[in-house]
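In: What follows is a protein structure lacking sequence information:
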């Protein structure tokens, strides 16, 4: 998995979603400034983040923040490049033996792939390699899926926190019934907090969670392909048969 290019689609989607909300509000005669309420923003975003931090282990929360960059710079998966590399390793192993892969492994940038190559070079049997790498894939997938669920959790809490903000705004209104000049701010905060809660959940937090999950699934698929390639080399599989098997991963994935 390599650092990818800037993901313009994510930014475009974000801008379209919020432009649609602002545009719809203006078409109905509303003012854009009416949707900008610092108090409502503080209550909804602060309350949501705080609630998620309370339920999340520090290491998972930290990983979630690190993965957030994937939304605008998605990791790049070059499937053909990986397949070509695996087939090159198979040819080297067939001619010079698996031990010849040790030198290549030391230059491999991907830690998962390097580990698999070293297991192969060290003479481990195919079943042992499969078991070790499958555990590696599962453990990494579990941790990163938990990190993606941090944003899913935000999407669950945000609407409820928005309702809390609305109630707080109404309390403010009730406390100032004798001062009509203050009623407008309280009512605005109440309704805008509800909008913020629902909007952030459905236009930011849940889409981010799903974006991260999709990226994780792509990485798992690619690692599964590398695993099968390394195991195939350990089993002495025919190179053409091995190539067809590896390409079938992504043909079936569409």
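Out: Looks like it arrived, so ask away. Predicted model, so just to flag it, every value in this text is computed and none were measured. Numbers count the residues shown, from 1 in each chain.

In: By residue count, tell me the biggest helix in this protein.
Out: Using DSSP state H, we find that the single longest helix of the chain is helix 126-175.

In: which strands and helices sit next to that one?
Out: helix 38-41, helix 47-55, helix 58-67, helix 111-121, helix 180-200, helix 206-235 (3 or more CB pairs under 8 Å, 6 or more residues apart in numbering; DSSP states H and E). Any C-beta I mention is one placed from the backbone N, CA and C, and that applies to glycine too.

In: Tabulate those helices in a markdown table, adding columns for mean pLDDT and mean neighbour count.
Out: Rendered in a markdown table, the data for the helices and strands packed on helix 126-175 read as follows (pLDDT from 0 to 100; neighbours: other CB atoms under 10 Å):
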| stretch | mean pLDDT | mean neighbour count |
| --- | --- | --- |
| helix 38-41 | 86 | 17 |
| helix 47-55 | 96 | 16 |
| helix 58-67 | 95 | 15 |
| helix 111-121 | 89 | 20 |
| helix 180-200 | 78 | 18 |
| helix 206-235 | 92 | 20 |
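
In: so which of the ones you listed comes closest to residue 19?
Out: Residue 19 lies closest to helix 180-200 among the helices and strands packed on helix 126-175, at 12.4 Å (CB to CB).

In: List just the one of the helices and strands packed on helix 126-175 that sits closest to residue 145.
Out: Short answer: helix 206-235, nearest of the helices and strands packed on helix 126-175 by CB to CB, at 6.1 Å.

In: which helices and strands sit right next to the closest one?
Out: helix 79-96, helix 111-121, helix 126-175, helix 239-252.

In: re the thing from before, quick one: the longest helix of the chain to helix 206-235, angle?
Out: 170 degrees (axes from the mean of the first three to the mean of the last three CA atoms, to 10 degrees).

In: one step back: right, so of the helices and strands packed on helix 126-175, which gets closest to residue 154?
Out: Nearest of these (CB to CB): helix 47-55, 5.1 Å.

In: Residues contacting the closest one, please?
Out: Applying CB atoms under 8 Å, 6 or more residues apart in numbering, the external contacts of helix 47-55 come out as 61, 150, 153, 154, 157, 158, 161, 164, 165, 200, 205.

In: let's see 6 Å
Out: For helix 47-55, the surrounding residues in contact (CB atoms under 6 Å, 6 or more residues apart in numbering) are 150, 153, 154, 157, 158, 161.

In: contacting residues around the residue lying closest to the third one once chain neighbours are set aside?
Out: Think residue 154. Leaving aside its sequence neighbours, residue 154 sits nearest to residue 205 (CB to CB, 6 or more residues apart in numbering; 4.0 Å). By CB under 6 Å, 6+ apart, the residues touching residue 205 are 151, 154, 155, 158.

In: Could you do residue 246 as well?
Out: 83, 225, 229.

In: Closest to residue 210 out of those?
Out: residue 225 (23.0 Å).

In: pretty sure that closest one is touching residue 249, no?
Out: Yes - if you go by CB atoms under 6 Å, residue 225 and residue 249 touch, sitting 4.5 Å apart.

In: coming back round to it: okay if I get the helices and strands packed on helix 126-175 as CSV plus distance to residue 90?
Out: Conversion of the helices and strands packed on helix 126-175 to CSV gives the following (distance: least, CB to CB, whole Å):
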stretch, distance to residue 90
helix 38-41, 56
helix 47-55, 46
helix 58-67, 33
helix 111-121, 10
helix 180-200, 49
helix 206-235, 5
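
In: Can you verify residue 237 is assigned to a helix?
Out: No - if the criterion is DSSP: H, G, I helix; E, B strand; the rest coil, then residue 237 is coil and not within a helix.

In: How many residues are close by it?
Out: Per other CB atoms under 10 Å, the neighbour tally for residue 237 reads 18.

In: give me phi/psi at residue 76?
Out: phi -100, psi 130 (degrees, to the nearest 10).
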